[in-house]
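Novice: take this sequence and fold it.
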Amino acid sequence: MLNGGSSSGKSGIARCLQAVLPEAWLAIGVDTLIDVMPARLRLGSEGIGFGVDGEVSVGAEFQLLEDAWMAGVAAMVRAGARVIVDDVFLGGAESRKRWESALDGLDVVWVGVRCDAVVAAGRELARGDRVAGMAEAQAELVHRGMTYDVEVDSAKAEAVECARAIATAAGHHA
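Specialist: Next comes the predicted model:
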């Protein structure tokens, strides 16, 4: 479970994990969930909203679908799939509790993906697909009240180095 702010490098680390781990792993991100939602849930108060300052708000209908998505990810793992989840814990420890509930009884490695806010903001600008300010607003917010099995800093290490550190912490030799 990779948790970090927008543009912190989670998706790149997930792809590198797929390359360095000996078994096949699926990489699933919260962006995928957002992409498959109806457009009206990407614009309205019941879905997910993106403020001009980069603030993200989530409504009741989004949370309902997100809960179902979490249960679906857990079902894939219970069915034998290995899954790397790339998420943004906007609610900090409360977001983790929601995942813990869905993943109850499963072996999970909790990973904090840190990235300096200025570096993340630069990546956000280069991407061009994010509301300006989101990366900076989330850089520390998503880690409040969190504990991790391993933490990596994508501003100080390349994605593959981060992936190798995560694989080692998870008991894999990469």
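
Novice: all helices for this protein, in order.
Specialist: 10-20, 30-36, 60-78, 93-102, 117-127, 134-141, 159-169 (DSSP state H).

Novice: so which of those is nearest Val109?
Specialist: Comparison of the helices of the chain against Val109 by Cβ to Cβ identifies helix 159-169 as nearest, at 6.7 Å. (Glycine included, C-beta is placed from N, CA and C.)

Novice: list the buried residues of the closest one.
Specialist: Going by neighbour count (16 or more other Cβ atoms under 10 Å), the buried part of helix 159-169 is Ala159, Val160, Cys162, Ala163, Arg164, Ala165, Ile166, Ala167.

Novice: same check on stretch 66-78?
Specialist: Using 16+ other Cβ under 10 Å as the test for burial, stretch 66-78 gives Glu66, Trp69, Met70, Val73, Ala74, Val77.

Novice: number of residues surrounding Ala60?
Specialist: By the measure other Cβ atoms under 10 Å, the count of residues near Ala60 is 10.

Novice: what's near enough to touch it?
Specialist: Contacts of Ala60 were listed using Cβ atoms under 8 Å, 6 or more residues apart in numbering, and they are Glu46.

Novice: verify the stated contact: Pro22 with Ala170.
Specialist: No - shown here, Pro22 and Ala170 do not form a contact pair, counting by Cβ atoms under 8 Å, at 11.6 Å.

Novice: compare the two and say which is more crowded by neighbours.
Specialist: The residue with more neighbours, out of Pro22 and Ala170, is Ala170; 16 against 9, by other Cβ under 10 Å.

Novice: phi first, then psi, for the residue lying closest to the more buried one once chain neighbours are set aside.
Specialist: Distances taken as Cβ to Cβ, 6 or more residues apart in numbering put Val109 closest to Ala170, at 4.6 Å, once the chain neighbours are dropped. Note on Val109: its backbone torsions stand at phi -110, psi 120 [degrees, to the nearest 10].
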